[in-house]
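> sequence and predicted structure below; questions after.
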Amino acid sequence: MSGMTLATISHVYAGRKVLDTVSLVIRPGEMVALVGPSGSGKSTLASIAAGIVKPTKGRILRQYRQHAMVFQQARLLPWANARENIAFPLMLNGLRKREALEKAESVAEKVALLPEDFDKMPGELSGGMRARVAIARALGVAPDFLIFDEPFAALDPALRRRLQDLVLSLGQDRAFGGMFITHDLAEAARLADHIAVLDRQGKGVLGTLTPPGQRGHRSDVDIFDFVQQSLYGDPLLSDLVHVDERAMPLDLVGDAGLGPRRCC
Ligand SMILES: Nc1ncnc2c1ncn2[C@@H]1O[C@H](COP(=O)(O)OP(=O)(O)O)[C@@H](O)[C@H]1O
Ligand SMILES: [Mg+2]
């Protein structure tokens, strides 16, 4: 069973603090969703969790064998076809090219890619197919901890739901944990055991919500009710409702005394 602890993580980009003493515990086998308005530092925290960005301060305790990350943009290698994209990390992990390509095909089938798509270049794949290739690429290395950074944000609702179902089925098949970043509370309520709410300015996790019932067994009605009650009744989520990504961080507004702008 795999988990992660992020302890008092702070991060500074170009002299500006974007995360300030953020702590988050993902217990073994849990999927924790992280929600927060745009610009609150979710992607930065995901990159820190994945070891892509080294935090300015803080500690990370990793309790898993191998992690993988799925980004919002598929980030496929433009010069490689779907099969080769999925095989690439396998080869980096030491598999010979032929074995890696064979394994890539079996993983591609798990995410419902068809053999006729395997030879297509990224530019010939639809957005949904590219997302599936990116997920297959992450799953190929058999991770036991997954970090998702808004992977389905740009997809149409039907495909989004299919891929959410895939994430749920993975959670049932394997004892893995993970972090799922989204700004869609319904998606968080569908996929996660708990939902951590990040402060608008990355100043810590404001609190955690736990939707009723068990991940994977919540009905659409349960999720809808939970979202309505939380969004409009829980002060924890007021920033998610009222702030848009044009809202300026307080430290940029500074002495002008304008305060953060709020949308509509
Ligand atoms: N590589 C970077 N260099 C400088 N600033 C960055 C970089 N990445 C993100 N930021 C800034 O850090 C803040 C948090 O960004 P991000 O983590 O992408 O937030 P979110 O994912 O919640 O939208 C934003 O103000 C963003 O402009
Ligand atoms: Mg982001």
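The structure has been received and is ready for your questions. Residues are numbered from 1 along each chain as shown. Ligands and ions are numbered 1, 2, ... in the order given.
> alpha carbons only for contacts and neighbour counts from here, please
Fine.
> at which residues are the strands of the stretch 1-150 of the chain located?
Along the stretch 1-150 of the chain, counting by DSSP state E, counting those that start in this stretch, strands occupy 3-13, 16-26, 31-35, 57-63, 67-70, 145-149.
> which positions in the protein make contact with ligand 1?
When proximity is defined as Cα under 6 Å from any ligand atom, the chain approaches ligand 1 at Tyr13, Ala14, Val18, Ser38, Gly39, Ser40, Gly41, Lys42, Ser43, Thr44.
> hmm, back to that, tell me which of the strands of the stretch 1-150 of the chain is the most buried.
Comparing the strands of the stretch 1-150 of the chain by mean neighbour count (mean count of other Cα atoms under 10 Å), strand 31-35 comes out on top with a mean of 28.
> from the contact counts, what lies against that strand?
strand 177-181, helix 185-191, strand 194-198 (3 or more Cα pairs under 8 Å, 6 or more residues apart in numbering; DSSP states H and E).
> now render those as JSON lines, adding mean pLDDT and mean neighbour count.
Shown next, in JSON lines, are the helices and strands packed on strand 31-35 (pLDDT from 0 to 100; neighbours: other Cα atoms under 10 Å):
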{"stretch": "strand 177-181", "mean pLDDT": "94", "mean neighbour count": "26"}
{"stretch": "helix 185-191", "mean pLDDT": "95", "mean neighbour count": "23"}
{"stretch": "strand 194-198", "mean pLDDT": "95", "mean neighbour count": "24"}
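> between those, which gets nearest to Val227?
Closest approach to Val227 among those is made by helix 185-191 (6.1 Å; Cα to Cα).
> starting at the chain centroid, how far to that closest one?
Between the centre of helix 185-191 and the centre of its host chain there is 12 Å, according to Cα atoms, centre = their mean, to the nearest Å.
> residues in contact with Asp193?
Counting by Cα atoms under 8 Å, 6 or more residues apart in numbering, Asp193 makes contact with Glu30, Met31, Val32, Ala33, Thr210, Pro211, Gln214, Arg215.
> nearest to Lys103, of these?
The closest of these, once distances to Lys103 are taken by Cα to Cα, is Met31, at 26.2 Å.
> isn't that closest one up against Met179?
Yes. Using Cα atoms under 8 Å, Met31 is in contact with Met179, at 5.8 Å.
> what does the pLDDT read for the spatially closest residue to Ala82 that is not a sequence neighbour?
Take Ala82 and drop its neighbours on the chain: the residue closest to it by Cα to Cα, 6 or more residues apart in numbering is Phe118, 5.1 Å away. Phe118 carries a pLDDT score of 97 in this model.
> for the chain, which spans come out with low pLDDT?
173-174, 241-264 (pLDDT under 70).
> can I see the domain layout of it?
Following automatic domain parsing, one finds the domains of the chain at 1-62+158-264, 66-143.
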